[in-house]
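Visitor: Model the structure of this input:
(chains A and B)
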Amino acid sequence: QQPVQSPQAVILREGEDAVINCSSSKALYSVHWYRQKHGEAPVFLMILLKGGEQKGHDKISASFNEKKQQSSLYLTASQLSYSGTYFCGTDRTGNQFYFGTGTSLTVIP
Amino acid sequence: KAGVTQTPRYLIKTRGQQVTLSCSPISGHRSVSWYQQTPGQGLQFLFEYFSETQRNKGNFPGRFSGRQFSNSRSEMNVSTLELGDSALYLCASSITSGGYNEQFFGPGTRLTVL
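Guide: Numbering: from 1, shown residues only, chains lettered A, B, ... in the order given. As a prediction, this is how the structure comes out:
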């Protein structure tokens, strides 16, 4: 029931774009995105809700396809500070919160 | 505003012992969730407390328990520790329960079971 993320890992040069995908086998109520840097706690990036409402980061965008039970995180013009592991999290009303398998993103100069 | 705090930051225990971890949420946040993070299993949901009541529980054995106090502070207890319980335990607070609000994570407690 854990959401599956792809790719598992990606290496980018500064300025390049990346897309991280999150796919769930269950119907989704909302999708959260977090970034975790090595040795630190996860930090909130964005929430996407059914119906299209979004809350989050100015420089990072995301999409949520309710029918396909998928979400994608778009990182444009990547910076060194974008490096870390990205997790999607899905919340189904009345049930536990599941984090995805994680995507390691490394931005190099 | 102070962030989420967790104590202790590091713990070393031996098999069979029990341990209690503490989490103080951001002021005004009433929901506290606990997660176990390991390299093999990733971030696994343990349970969520809201207004002193357990709202949701993950797929962990009964050795893992928790509670929340009237000031929203939460504790997590693991009894009869096993080697596989070695992990980073993270707590996260949010204003309310449910999927509408972001979670703010504490720095975690690194538990090592020998």
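Visitor: Report the strands that pair with the lowest-mean-pLDDT helix or strand in chain B, each with its relative direction.
Guide: The helix or strand of chain B with the poorest confidence is strand B:53-57; it has a mean of 89 (mean pLDDT, DSSP states H and E). If you go by DSSP bridges, strand B:53-57 pairs up with strand B:42-50 (antiparallel).
Visitor: pLDDT of the partner strand, averaged?
Guide: Average pLDDT, strand B:42-50: 92.
Visitor: go on, stretch A:59-72?
Guide: 86.
Visitor: Can you pull the residues of chain B lying near chain A?
Guide: B:33, B:35, B:42-45, B:48, B:56-59, B:90, B:92, B:98-108 (CB under 8 Å from any CB of the partner chain). (Each C-beta comes from the backbone N, C-alpha and C, glycine too.)
Visitor: give me every residue that touches B:Phe64.
Guide: By CB atoms under 8 Å, 6 or more residues apart in numbering or on different chains, B:Phe64 lies in contact with B:Leu46, B:Phe47, B:Met76, B:Asn77, B:Val78.
Visitor: which one is A:Ala77 nearest to, not counting chain neighbours?
Guide: A:Gly15 (5.6 Å; CB to CB, 6 or more residues apart in numbering or on different chains).
Visitor: on that earlier part again, which pair in the contacts of B:Phe64 spans the largest distance?
Guide: B:Phe47 and B:Val78 (12.1 Å; CB to CB).
Visitor: higher neighbour count, those two?
Guide: Taking neighbours as other CB atoms under 10 Å in any protein chain shown, B:Phe47 and B:Val78 compare with B:Val78 leading, 25 against 22.
Visitor: Quick check: A:Thr85 touching A:Trp33?
Guide: No. Judged on CB atoms under 8 Å, A:Thr85 makes no contact with A:Trp33 at a distance of 11.6 Å.
Visitor: So which residue is dead centre in chain B?
Guide: Compute the mean C-alpha point of chain B, and by CA atoms, centre = their mean the closest residue is B:Trp34, 3.1 Å away.
Visitor: Next, work out how far apart the closest residue in space to it that isn't next to it in sequence and B:Phe64 are.
Guide: Spatial nearest neighbour of B:Trp34, chain neighbours left out: B:Leu46 (4.1 Å); criterion: CB to CB, 6+ apart. Distance of B:Leu46 to B:Phe64, given as CB to CB, to the nearest Å: 6 Å.
Visitor: after the helix-or-strand element of chain A with minimal mean pLDDT, next one along is what?
Guide: The weakest-scoring helix or strand in chain A, judged by mean pLDDT, DSSP H and E, is strand A:54-56 (a mean of 66). Downstream of strand A:54-56, the first helix or strand assigned by DSSP states H and E is strand A:60-65.
Visitor: which residues sit against that next one?
Guide: Contacts of strand A:60-65 (CB under 8 Å, 6+ apart): A:28, A:31, A:33, A:45-46, A:48-50, A:52, A:54, A:56, A:70-76.
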